[in-house]
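S.K.: below is the sequence, then the predicted model.
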Amino acid sequence: MPTPYATSIGSWTRPTTFFWAATGATFGLANVWQFPYLAGNHGGGLFILLYLVCLVLVTLPLMITESAMGRHSRHGLVLSLDGYVRSARRSRLWVWAGRMGILAALLVLSFTAVFGAIALAYVFYGAMGRFLGAGEAQAAATLSALVSEPEDYRVFMAWHGFFLVLVIWVSMQGVVDGIERAVRVVAPLMLIMLLALFGLAVWSGDFTSASGFMLSFHPDDVTAESVQAALFHAFFTLGLGMGVWTLFGAYTPVGTRLKRSVLAVVLIDTLIAIVAGLAIYSLVPGGHSMEGERGFGLLFLSLPLALSDLPGSQFVIAAVFLLIVMIVWTTSLSLLEPVVGWFREWTGAPRGWSVFLMGMLVWLVGLVTLLSFNVWSEHRLAGGTVFRWLELAAGGLLIPLVSILIAIFAGWCLTRNLTFIILGRAPGLFRRIWFWVMRLVLPLVVAYVGIQYTAVSLVAMCNNGSVAPWCGPADVVATESIRPEGSDKSSPEAGSDEQGEAGNGEGRETPQSDGKSEQEGANGKNGEEGGPNDDEILYHSV
């Protein structure tokens, strides 16, 4: 077995692959089902400006740090930190930050794949005409039958396994023949399909209303919660704290302009979110009965119903959900890579076996989320399903903690000379700003994000009847801005009983919309049981 530092994990062949891979990794469901809602309800164009400020001052420095550490060390997050710990003669406990990041990637991937399975099923449902002439009750019944019915969970498991096979098969082909080739084809194709959807929205949708909702400046809607929402979305939507950026940095060939590429990814990700929001809200104006629907219900209830009225709707619905599948698939492929890279560097195992074993582990953990929507939906601990607690562990604890530790380690434990060597060539002013942001700003801001995210999630569980110690008589929290995407980003259980908050966020409890009562009548069951709710799906979930 090779020693850790002799283990080669691979490299891309073209400098531009970093951009395409990172674009595929960051363009997640949060851009589709959360960002447009936040922009429309927190000031429109003013919120977008706030979001860009948060990206540049907080998210961008951490993204550059993670990528630069990987490029300099040519290893994944765990061995990168191990090497820097040895160089700086620091405690080896710092390496646990990398291990926690890998665990976070595995957890987030496990429930991201579940959402991918739903989208994959909808490609076929759309092509077969399931939504032709359907009303809200029928659409809700279709979603409930797939996700929430305890008797039919094996069908859901089959879709889940099918989606993961698509991810694992490509990853097994290798860094170059698998991942590089795939992202260089799929990422540009995603952009083309999104532009086609945008064109369809302009042609047949209410584009004027959507652009006014998302892009016009609404100063009266900007509050302290708007700043908080912009900060949360900026932090969770770009895959920080999970080793993705470190490994992508390690794969970059000589000649890659890393800092420019990272900035380009941040900007293109924001542009994509705006275009996606305009397209969807043009086709689903006002979310049927509310201004600015979001999350799970927007994607899997309102959108297919709106598209079913268009000419050639079977083809259109299938194509739109194929785009959704590609979005989740590229995100999943990116999240699997740091897990596989860590396992290979730890064991020296061949890539094929590493991908297979880690893929099976992701599948097993994903079954916990899948069953939390149906068979185990009524089994709760302190008001939260198993999925809810897994999501909270990743989004409220692991991801913020890893990000804080990386910032502290880079800013305080390494010598300034070494940090600047890792960073690479950059203007002096940029270096100084980056250095002090890593030292002071990032640890404090990310600590706030993690604590607030956890607090909001715990209180949201109280709305499900929890008698946990942190639950009080008045547990209605005015933090809808954080309310998960519902996530990207997702935390399912909270939303079901929560104030019926318009929408569906990322929640998980039962796919709902305004037609919830109608659905219950049609199914004869409490629709809240299994499907996701808006308020349950959190920012980083996808």
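M.R.: Perfect, thanks for sending it. If you're wondering where the values come from, they're calculated on a predicted model, not measured in any experiment.

S.K.: need the next SSE after the host helix or strand of Gly297, C-terminal direction.
M.R.: Using DSSP states H and E, Gly297 falls within helix 295-297. Using DSSP H and E, the helix or strand that directly follows helix 295-297 along the chain is helix 303-307.

S.K.: just checking, what packs against that next one?
M.R.: Helix 303-307 sits against helix 95-127, helix 136-147, helix 258-283, helix 313-347, with contacts defined as 3 or more C-beta pairs under 8 Å, 6 or more residues apart in numbering; DSSP states H and E. Any C-beta I mention is one placed from the backbone N, CA and C, and that applies to glycine too.

S.K.: I'd guessed Leu336 sits against Leu361; true?
M.R.: No: Leu336 is not in contact with Leu361 according to C-beta atoms under 8 Å; the separation is 10.3 Å.

S.K.: the helices and strands packed on helix 303-307: which one's closest to Leu371?
M.R.: helix 95-127 (10.1 Å; C-beta to C-beta).

S.K.: what's the angle between the closest one and helix 136-147?
M.R.: Taking axes from the mean of the first three to the mean of the last three C-alpha atoms, to 10 degrees, one finds helix 95-127 and helix 136-147 inclined to each other by 130 degrees.

S.K.: just checking, what packs against helix 95-127?
M.R.: Packing partners of helix 95-127 (3+ C-beta pairs under 8 Å, 6+ apart): helix 77-88, helix 136-147, helix 153-172, helix 303-307, helix 313-347, helix 351-372, helix 386-392, helix 399-408.

S.K.: any chance of CSV for those, columns mean pLDDT?
M.R.: CSV is the format used below for the helices and strands packed on helix 95-127 (pLDDT from 0 to 100):
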stretch, mean pLDDT
helix 77-88, 93
helix 136-147, 90
helix 153-172, 96
helix 303-307, 89
helix 313-347, 94
helix 351-372, 95
helix 386-392, 90
helix 399-408, 96
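
S.K.: save those as JSON lines, and put in distance to Pro61 too.
M.R.: Putting those into JSON lines (distance: least, C-beta to C-beta, whole Å) gives the following:
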{"stretch": "helix 77-88", "distance to Pro61": "17"}
{"stretch": "helix 136-147", "distance to Pro61": "39"}
{"stretch": "helix 153-172", "distance to Pro61": "30"}
{"stretch": "helix 303-307", "distance to Pro61": "36"}
{"stretch": "helix 313-347", "distance to Pro61": "20"}
{"stretch": "helix 351-372", "distance to Pro61": "30"}
{"stretch": "helix 386-392", "distance to Pro61": "26"}
{"stretch": "helix 399-408", "distance to Pro61": "8"}
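
S.K.: mind putting the ones you listed in a markdown table, distance to Thr415 and mean neighbour count included?
M.R.: Output for the helices and strands packed on helix 95-127, formatted as a markdown table (distance: least, C-beta to C-beta, whole Å; neighbours: other C-beta atoms under 10 Å):
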| stretch | distance to Thr415 | mean neighbour count |
| --- | --- | --- |
| helix 77-88 | 7 | 21 |
| helix 136-147 | 52 | 23 |
| helix 153-172 | 37 | 18 |
| helix 303-307 | 52 | 23 |
| helix 313-347 | 25 | 23 |
| helix 351-372 | 34 | 20 |
| helix 386-392 | 37 | 24 |
| helix 399-408 | 15 | 24 |
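
S.K.: out of those, which comes closest to Ser211?
M.R.: Closest among the helices and strands packed on helix 95-127, using C-beta to C-beta: helix 303-307, at 17.0 Å.

S.K.: who touches that closest one?
M.R.: If you take C-beta atoms under 8 Å, 6 or more residues apart in numbering as the criterion, helix 303-307 is touched by 122, 125-126, 131, 134-136, 139, 280, 283-284, 288, 313, 316-317, 320-321.

S.K.: distance check, the nearest residue to Ser91 once chain neighbours are set aside against Trp412.
M.R.: Using C-beta to C-beta, 6 or more residues apart in numbering and skipping the chain neighbours, the partner closest in space to Ser91 is Val85 (7.2 Å). As judged by C-beta to C-beta, to the nearest Å, Val85 and Trp412 stand 13 Å apart.

S.K.: element containing Leu200, please.
M.R.: Using DSSP H and E, Leu200 sits in helix 181-204.

S.K.: could you give me the buried positions within that helix?
M.R.: By 16 or more other C-beta atoms under 10 Å, the buried positions in helix 181-204 come out as 181-184, 186-187, 190-191, 193-194, 197-198, 200-201, 204.

S.K.: how far away from the center of its chain is it?
M.R.: The chain centroid and the centroid of helix 181-204 are separated by 19 Å under C-alpha atoms, centre = their mean, to the nearest Å.

S.K.: please apply the same query to stretch 296-315.
M.R.: Taking the mean of its C-alpha atoms, stretch 296-315 sits 22 Å from the chain's own mean (C-alpha atoms, centre = their mean).

S.K.: endpoints of that stretch, how far apart?
M.R.: Taking C-alpha to C-alpha, to the nearest Å, stretch 296-315 runs 22 Å from one end to the other.

S.K.: same thing with stretch 216-233?
M.R.: 20 Å.

S.K.: grab the nearest non-local neighbour of Trp389.
M.R.: Nearest to Trp389 is Leu381, by C-beta to C-beta, 6+ apart, at 6.6 Å.

S.K.: relative to Trp169, how far out is the one you found?
M.R.: In terms of C-beta to C-beta, Leu381 sits 36 Å off from Trp169.

S.K.: OK, contacts around Ile274?
M.R.: Ile274 touches Phe35, Pro36, Ala39, Ile48, Met214, Leu215, counting by C-beta under 8 Å, 6+ apart.

S.K.: which strands and helices lie in contact with the helix or strand harbouring the fourth one?
M.R.: In this structure, Ile48 is located in helix 45-54 according to DSSP H and E. Counting contacts by 3+ C-beta pairs under 8 Å, 6+ apart, the secondary-structure elements packed against helix 45-54 are helix 35-41, helix 224-236, helix 258-283.

S.K.: which one of those lies closest to Ala455?
M.R.: Here helix 224-236 is closest among the helices and strands packed on helix 45-54 (C-beta to C-beta), at 12.1 Å.

S.K.: just the C-alphas of the helix or strand just after that closest one, formatted as PDB.
M.R.: For helix 224-236, the succeeding helix or strand toward the C-terminus, using DSSP H and E, is helix 244-251. Only the C-alpha atoms of helix 244-251 are listed here, as PDB (Å, rounded to 0.1, in the frame of the first residue of the first chain):
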ATOM      1  CA  VAL A 244     -15.200  20.000  -2.700                       C
ATOM      2  CA  TRP A 245     -13.200  23.100  -3.500                       C
ATOM      3  CA  THR A 246     -10.000  21.600  -2.000                       C
ATOM      4  CA  LEU A 247     -10.200  18.600  -4.200                       C
ATOM      5  CA  PHE A 248     -11.000  20.700  -7.300                       C
ATOM      6  CA  GLY A 249      -8.000  22.800  -6.500                       C
ATOM      7  CA  ALA A 250      -5.900  19.700  -6.300                       C
ATOM      8  CA  TYR A 251      -7.100  18.600  -9.700                       C
END
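
S.K.: how close does Leu323 get to Phe296?
M.R.: 17 Å.

S.K.: do Pro427 as well
M.R.: To Phe296, Pro427 is 44 Å away according to C-beta to C-beta.

S.K.: and for Tyr84?
M.R.: 40 Å.

S.K.: can you check Glu136 too?
M.R.: Taken as C-beta to C-beta, the span from Glu136 to Phe296 is 14 Å.

S.K.: centre of the chain to the helix holding Ile48, how far?
M.R.: 19 Å.

S.K.: can you show me the CA trace of whatever helix or strand comes next after it as CSV?
M.R.: Toward the C-terminus, helix 45-54 is succeeded by helix 60-73 as the next helix or strand (DSSP H and E). Presented in CSV, the C-alpha positions along helix 60-73 are these (Å, rounded to 0.1, in the frame of the first residue of the first chain):
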residue,chain,number,x,y,z
LEU,A,60,-15.3,34.3,-1.9
PRO,A,61,-12.3,34.4,0.5
LEU,A,62,-13.1,31.0,2.0
MET,A,63,-13.6,29.5,-1.5
ILE,A,64,-10.2,30.8,-2.6
THR,A,65,-8.6,29.5,0.6
GLU,A,66,-10.0,26.0,0.2
SER,A,67,-9.1,25.9,-3.5
ALA,A,68,-5.6,27.3,-3.0
MET,A,69,-4.9,24.7,-0.2
GLY,A,70,-5.7,21.9,-2.6
ARG,A,71,-3.7,23.3,-5.5
HIS,A,72,-0.7,23.9,-3.3
SER,A,73,-0.8,20.5,-1.6
